[in-house]
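Chemist: Sequence and predicted structure, then a few things I'm wondering about:
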Amino acid sequence: MTRTHVALLASGLALALAGCASTTAASTDSTAASTAQADAALAAAIADSARDPKNMARDAYRHPRETLAFFQVRPDATIIEISPSAGWYSEILAPYLRNGGRYVAATGAAPADSGGGKRNAALQAKFGAAPTRYDRVQWLEYDGKAPVLGAAGSADVVLTFRNVHNWVAGGSADAYFQAFFAALKPGGVLGVVEHRAKPGTDLDTMKKSGYLTEALVIDHATRAGFVLDARSEVNANPKDSADHPNGVWTLPPTNRHDAGDAAKYAAIGESDRMTLRFRKPAR
């Protein structure tokens, strides 16, 4: 090989490497810009004055921006929220996902005159009263004993906030985690926020108190096929002993306590909570 050939090869290699570097830099810049836009959109949804002021006052305990970021929520994702109740997170997620993603409010079917039925009707009325915010919400009712959350492999993220203790108490936790696994795409995320019991707490105490150990929640998830991806302390509250006369319902926002103890429990605030991100293994 002549010196000319060597020089030409070296020049070609340099050009190729420069092209790769340029492409990588452009891709990185595009990803960063996309992430910044998504972060700004989420911040705007959380700060939106259309939210209920009482709900906004609880942001200090629920940390929606940090929590949803930890769960890798994106504005172009299909997200199923399980049992949204009065719609605390719906106020944020529905507008955030309205133009590029899909928000599914999934709730257990219940007779119209029952507590669950009345909550469902109230949430639907909330959605109907603000169509420019909620007109693209997909409403999904499922059988609470054998939940099916739409088409298999259709969701990017499934979210559940402070619900697992109800399923543990009712003996249906495994059915729910299996339903989450079926609904998610391979690689999809399950985000769980739950009242946290001290390690080693027995099952009967957990059922009565509403506080669960992280080990119990992780066990249910991994039995369904999930892998624990990460933990966050964003919703931790070191002031909460998790040992109250009426369990977690002693604390705000339920406040099931004697009137004279109001200041005591207000000083504690809402419960200490685990924040766990699970992932459905990719194929």
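Modeler: Looks like it came in fine. Residues are numbered from 1 along each chain as shown.
Chemist: those strands in this structure, which residues are they?
Modeler: Taking DSSP state E, the strands of the chain run over residues 78-82, 102-108, 138-142, 155-161, 184-195, 227-232, 273-279.
Chemist: tally of neighbours for the residue lying closest to Gly191 once chain neighbours are set aside?
Modeler: Excluding the flanking residues, the one nearest Gly191 by Cβ to Cβ, 6 or more residues apart in numbering is Phe71, at 3.5 Å. Yep, even glycine has a C-beta here, placed from its N, CA and C like the rest. Neighbour count for Phe71, taken as other Cβ atoms under 10 Å: 24.
Chemist: Okay, now the unreliable bits of this protein?
Modeler: Residue ranges of the chain with pLDDT under 70: 1-34.
Chemist: Using the record's domain definitions, break it down for me.
Modeler: Per automatic domain parsing, the domain ranges recorded for the chain read 1-47, 49-279.
Chemist: quick one on the thing from earlier: ranking the strands of the chain by burial, who's on top?
Modeler: Per residue and on average, the most neighbours among the strands of the chain fall to strand 78-82, with a mean of 25 (mean count of other Cβ atoms under 10 Å).
Chemist: list the helices and strands that strand packs on?
Modeler: Counting contacts by 3 or more Cβ pairs under 8 Å, 6 or more residues apart in numbering; DSSP states H and E, strand 78-82 is packed against helix 90-97, strand 102-108, strand 155-161, helix 173-183.
Chemist: Direction included, what does it pair against?
Modeler: strand 102-108 (parallel), strand 155-161 (parallel) (DSSP bridges).
Chemist: quick one: contacts of it?
Modeler: 73, 89-90, 93, 97, 101-107, 140, 149-150, 154-161, 163, 176, 180, 183 (Cβ atoms under 8 Å, 6 or more residues apart in numbering).
Chemist: got the angle between that strand and strand 184-195?
Modeler: 40 degrees (axes from the mean of the first three to the mean of the last three Cα atoms, to 10 degrees).
Chemist: relative to helix 90-97, how tilted is strand 78-82?
Modeler: Here strand 78-82 runs at an angle of 170 degrees relative to helix 90-97 (the same axes, to 10 degrees).
Chemist: Pull the distance from strand 78-82 to the chain's centre.
Modeler: 8 Å (Cα atoms, centre = their mean, to the nearest Å).
Chemist: The residue nearest to Gly191 against Val157, yeah?
Modeler: Yes: here Phe71 reaches Val157: they are 6.2 Å apart, a contact under Cβ atoms under 8 Å.
Chemist: Identify all contacting residues around stretch 58-75.
Modeler: For stretch 58-75, the surrounding residues in contact (Cβ under 8 Å, 6+ apart) are 38-39, 41-43, 46, 79, 88-89, 92-93, 96-97, 99-101, 156-157, 159, 189, 191, 193, 230, 232, 234-235, 237, 252-253, 269-270, 275, 277.
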